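Student: model this:
(one chain, ligands or ions: 1)
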Amino acid sequence: MIKISEVYKTYNEGQVSEVKALNGINLNIAEGDYTVIVGSNGSGKSTLLNIIAGSVLPTSGTIMLDNENITKLPDHQRSKWLARVFQNPLSGTASGLSIIDNFRLAAIRTQPKGLKIGISDHFAQQVKDKIATLGLGLEDKINQQMGTLSGGQRQALTLLMSVMDSCKVILLDEPTAALDPRSANIVMQTADKIVKEFNLTAILITHNLKDAYTYGNRLIQMGEGQLMRDLNTAEKEKLQQNQLFEWFS
Ligand SMILES: Nc1ncnc2c1ncn2[C@@H]1O[C@H](COP(=O)(O)OP(=O)(O)OP(=O)(O)O)[C@@H](O)[C@H]1O
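Tutor: Predicted structure coming up:
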């Protein structure tokens with residue numbers, strides 16, 4: 001589905017501040033894969049995700065989506081099929097708007113999946129039903145301002161909003177880094193449920209090795225702008241949790 005070939009990224013090329021962030025990445029991601037990427041600080045994880053999202057252009061190499069070359073396609077043109085959840089819960093939603101208005105905006109952004117947008121009761125009911133599946137009791141607060149919610153509540157809603165539209169790929173860039181353990185768990189479980197239910201292709205960056213062990217069907221370790229390890233489903237299933245911790249010792 002996503003094919004990354006010979007991707008290099010150098011920031012500030014030719015300057016004293018030059019950084020070779022990616023050094024020849026080759027990666028094939030199949031439809032429905034949930035790939036988890038771990039790696040030490042500065043190993044190039046976010047750069048790789050930004051290149052897939054189109055917010056950073058590679059210095060060289062190609063990105064294909066379903067056999068279409070999207071290397072130079074700007075990020076706003078990728079948003080029809082690609083959703084992102086960032087570390088900062090404030091990034092994904094409009095604080096001043098209510099929950100229902102945020103969902104309306106998300107639905108307007110692309111072609112909704114059989115949703116009739118607008119002020120219709122039908123739309124509000126669909127949003128309520130979806131929110132109820134989170135088990136956070138937010139379905140009765142759809143007129144409450146997004147800015148009044150906790151970080152975990154916002155992240156969970158951001159995840160839901162991303163699947164209100166036609167997105168096929170979801171990029172999760174340390175979505176729980178700013179959350180307390182309980183909220184982080186809810187967000188990770190919500191992400192897992194959504195990925196499975198909507199058969200999304202997902203890529204998660206995390207520094208939480210327990211999450212890296214628990215979630216996803218493929219595990220990649222990055223180091224110095226390269227893929228150091230790439231475990232498929234069978235290899236990941238055989239991996240012991242302590243072995244994963246040893247990668248970083
Ligand atoms: N916009 C930029 N300009 C210059 N250098 C950058 C830029 N973005 C990232 N870098 C550098 O590229 C390298 C890879 O950064 P990147 O953010 O991709 O790593 P990461 O693995 O996501 O790190 P972390 O785990 O700390 O988030 C780092 O040395 C970083 O300082």
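Student: all strands of the chain, in order?
Tutor: Under the criterion DSSP state E, the chain contains strands at 2-11, 19-29, 34-39, 60-65, 68-69, 82-85, 169-173, 201-205, 218-223, 226-231.
Student: Just checking the distance from the fifth one to the centre of its chain.
Tutor: If I follow you right, that is strand 68-69. 21 Å (CA atoms, centre = their mean, to the nearest Å).
Student: Show residues contacting that strand.
Tutor: Here strand 68-69 makes contact (CB atoms under 8 Å, 6 or more residues apart in numbering) with 62-63. To be clear about C-beta, it is placed using only N, CA and C from the backbone, and glycine gets the same treatment.
Student: try it again with 6 Å
Tutor: With contacts defined as CB atoms under 6 Å, 6 or more residues apart in numbering, strand 68-69 is touched by residue 62.
Student: do the same with the fourth one
Tutor: Contacts with strand 60-65, where a contact means CB under 6 Å, 6+ apart, come from 2-8, 69-71.
Student: From those residues, keep the buried residues only.
Tutor: Buried members of the contacts of strand 60-65, counted by 16 or more other CB atoms under 10 Å: 2, 4, 7, 70-71.
Student: Return only those of these found close to the ligand.
Tutor: Residues of the buried ones among the contacts of strand 60-65 in contact with the ligand (CB under 6 Å from any ligand atom): none.
Student: I'd like those residues laid out as CSV, including pLDDT.
Tutor: CSV is the format used below for the buried ones among the contacts of strand 60-65 (pLDDT from 0 to 100):
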residue, pLDDT
2, 95
4, 97
7, 98
70, 94
71, 95
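Student: Tell me which residues of the helix ranked longest in the chain come out buried.
Tutor: Among the segments of the chain that qualify as a helix by DSSP state H, the longest is helix 181-197. Of the residues in helix 181-197, 183-184, 186-188, 190-192, 194-195 count as buried by neighbour count, 16+ other CB under 10 Å.
Student: Kindly indicate which of the residues you listed lies nearest the ligand.
Tutor: residue 184 (16.7 Å; CB to the nearest ligand atom).
Student: What does the pLDDT read for residue 161?
Tutor: In this model, residue 161 is scored at 85, pLDDT.
Student: Ignoring the adjacent residues along the chain, who's closest to residue 167?
Tutor: Leaving aside its chain neighbours, residue 167 sits nearest to residue 83 (4.2 Å; criterion: CB to CB, 6 or more residues apart in numbering).
Student: Next, count neighbours for residue 75.
Tutor: Neighbour count for residue 75, taken as other CB atoms under 10 Å: 14.
Student: Same question for the one 5 residues further on.
Tutor: The number of residues packed near residue 80 is 14, by other CB under 10 Å.
Student: gap between it and residue 167?
Tutor: Distance, residue 80 to residue 167, using CB to CB, to the nearest Å: 8 Å.
Student: Run through the residues of the protein sitting next to the ligand.
Tutor: Residues of the chain that fall close to the ligand, judged by CB under 6 Å from any ligand atom: 11-12, 19, 21, 39, 41-47.
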